[in-house]
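here is my input; please provide its structure:
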Amino acid sequence: MKTQEVSQIIDGARFTKFHWMVMCLCALLLVFDGYDLFIYGAVLPVLMKEWSLSPVQAGALGSYALFGMMFGAFVFGPLADRIGRKKGVAISFVLFSVSTFLSGFATSPSEFGIYRFMAGLGCGGLMPNAVALMNEYAPKRLRSTLVAIMFSGYSLGGVLCAGLGIWMLPNFGWQSMFFAAAVPLVLLPVILWKLPESVGFLLRAGKQEQARAMLAQVAPQAALGADVQLVQSDAKGSGAPMLELFKQERTLGTLMIWVAFFCCLLMVYALGSWLPKLMASAGYSLGSSLSFLLALNFGGVVGAIGGGWLGDRFTLPKVVVSFFAVGTVAIALLGFNSPTPVLYLLIIVAGATTIGTQILLYANTAQFYPLAIRSTGLGWASGVGRSGAIVGPLLGGALMAAALPLKMNFLVFAVPGLVAALAIGIFLLRYRHGQRAVTAEAAPTVTAAPISRSV
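Numbers count the residues shown, from 1 in each chain. Reported below is the predicted structural model:
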């Protein structure tokens, strides 16, 4: 019986309607995910007034969902390596949609915090699995671009949240924003029907026929007769997946990825949670403040798609370093008195280089780890990064409570961008020659994706 390496088929495949379907479904899921994640920043000024929250209390309340995301990333990433990414995505989607809907019924900060924690569990589980699934099926030459386009759905969710907030908050109250999160559940049957399972999981489960049928959609031109045995060189993992992240020369790369995730998510959630409130405190109306949140997320879409396109041509680590450097400057300048068009431009750039860069970090991480530990690597990077996301709202609350000048708030928010740029700079220097994240002595059945033009 002949054998066929699965990764060779996928890497060389032409872009087909199957890739289009996977990208659109994952992007749609992330639209809902992004809506859920930015909803707190949209309703924060109203909640602070209605529940008489201090800035410190508001910052702590905003971190409840992020605690949930941290645990969700730790749990659902490794779990999906065992039960399949399709099931992991579906469970996460239902969990955060139902929990966000229930948040609209909360009558106290404590009750609200419990529902937000539960929603965070689902959000934290969906992100790494959607990225891993898209990364697995994308042709090599388009991988960074497709993952970035798919993940731009996250930013579109933020745009949708801010846009709906401008209309719904004054007309229907803050609860309506959460009730709207139940609408996407009508798409659950479509997701269960159309979203493909990971081909690596199918092979590990011994489901050769299902894997062959899946690959026939990925690459219709490939000859995969019944006499072809499908194999995947990194389809089998070992018994301690988290420890695998530090083996075969991956230690430095893993640590630098974690630092970058921490800093990037700190900036994303500090801005996402507090930008409307900071601008309202600076004298802008609620509608204008939410329009700044809309501009931030619009920038995230531009940064993700543009960064993915650049990453396929200049390598993702180089693009990420550049984005972090530009983002540091843009965020620092937000606190200075600028004409309104310049202010909007700076916010768009800040969104492109924080939200957009977060998306590029996911794509880079997915390509750094071998398939057998990819969900685990993404889950742990996301989970460690969530500690930065937790710090972001808390830091914003502490700065608001200290009543510092507006420029000082944004200068503090900009510092993590510099740290992240240094971390990815070290990552880039370590793997600049396209080295594999494995030792030469490693068994040939375990390889990692090279940090090359596709990363």
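
isn't residue 386 right next to residue 124, touching?
Yes. If you go by C-beta atoms under 8 Å, residue 386 and residue 124 touch, sitting 6.4 Å apart. For the C-beta atoms, the positions are set from N, CA and C on the backbone; glycine is no exception.

who has more neighbours out of those two?
Taking neighbours as other C-beta atoms under 10 Å, residue 386 and residue 124 compare with residue 124 leading, 33 against 28.

circling back to that earlier point, need the overlap of contacts for residue 386 and residue 124.
Common neighbours of residue 386 and residue 124, counting by C-beta atoms under 8 Å, 6 or more residues apart in numbering, are 69-70, 73.

out of these, which comes closest to residue 11?
residue 73 (27.3 Å; C-beta to C-beta).

what residues sit buried inside the helix or strand hosting that closest one?
Here residue 73 sits within helix 64-83, counting by DSSP states H and E. Using 16 or more other C-beta atoms under 10 Å as the test for burial, helix 64-83 gives 64-81.

could you do stretch 9-23 as well?
9-10, 13, 18-19, 22-23.

which of the residues in stretch 380-399 are buried?
By neighbour count with 16+ other C-beta under 10 Å, stretch 380-399 contains the buried residues 380-397, 399.

among those residues, which are located in helices?
380-397, 399 (DSSP state H).

now the end-to-end length of stretch 192-204.
Counting by C-alpha to C-alpha, to the nearest Å, you get 21 Å between the two ends of stretch 192-204.

on that earlier part again, for the following helix or strand past the helix holding residue 73, what is the average pLDDT?
Next in sequence after helix 64-83, counting helices and strands by DSSP H and E, comes helix 85-103. Averaged over helix 85-103, pLDDT sits at 91.

what packs against helix 85-103?
On a contact count with 3 or more C-beta pairs under 8 Å, 6 or more residues apart in numbering; DSSP states H and E, helix 85-103 meets helix 17-50, helix 64-83, helix 109-137, helix 174-179, helix 188-194.

show me what counts as buried in the third one.
Under the neighbour-count criterion of 16+ other C-beta under 10 Å, helix 109-137 has 109, 112-137 buried.

cool, and the first one?
Along helix 17-50, the positions that meet the burial threshold by neighbour count (16+ other C-beta under 10 Å) are 18-19, 22-23, 25-48.

what angle do the helix or strand encompassing residue 164 and helix 109-137 make?
Using DSSP H and E, residue 164 sits in helix 143-172. Here helix 143-172 runs at an angle of 150 degrees relative to helix 109-137 (axes from the mean of the first three to the mean of the last three C-alpha atoms, to 10 degrees).

now for helix 143-172, which elements pack on it?
helix 17-50, helix 109-137, helix 174-179, helix 286-314, helix 340-368.

model confidence over the third one, on average?
Spelled out, that is helix 174-179. Taken as a whole, helix 174-179 has an average pLDDT of 92.

was I right to think residue 292 contacts residue 277?
No. With contact defined as C-beta under 8 Å, residue 292 does not count as touching residue 277 (10.6 Å).

and the next element down the chain from the lowest-mean-pLDDT helix or strand in the chain?
Lowest on mean pLDDT, DSSP states H and E among the helices and strands of the chain sits strand 228-231, with a mean of 69. Later in the chain than strand 228-231, the nearest helix or strand by DSSP H and E is helix 241-244.

thanks a lot, see you next time.
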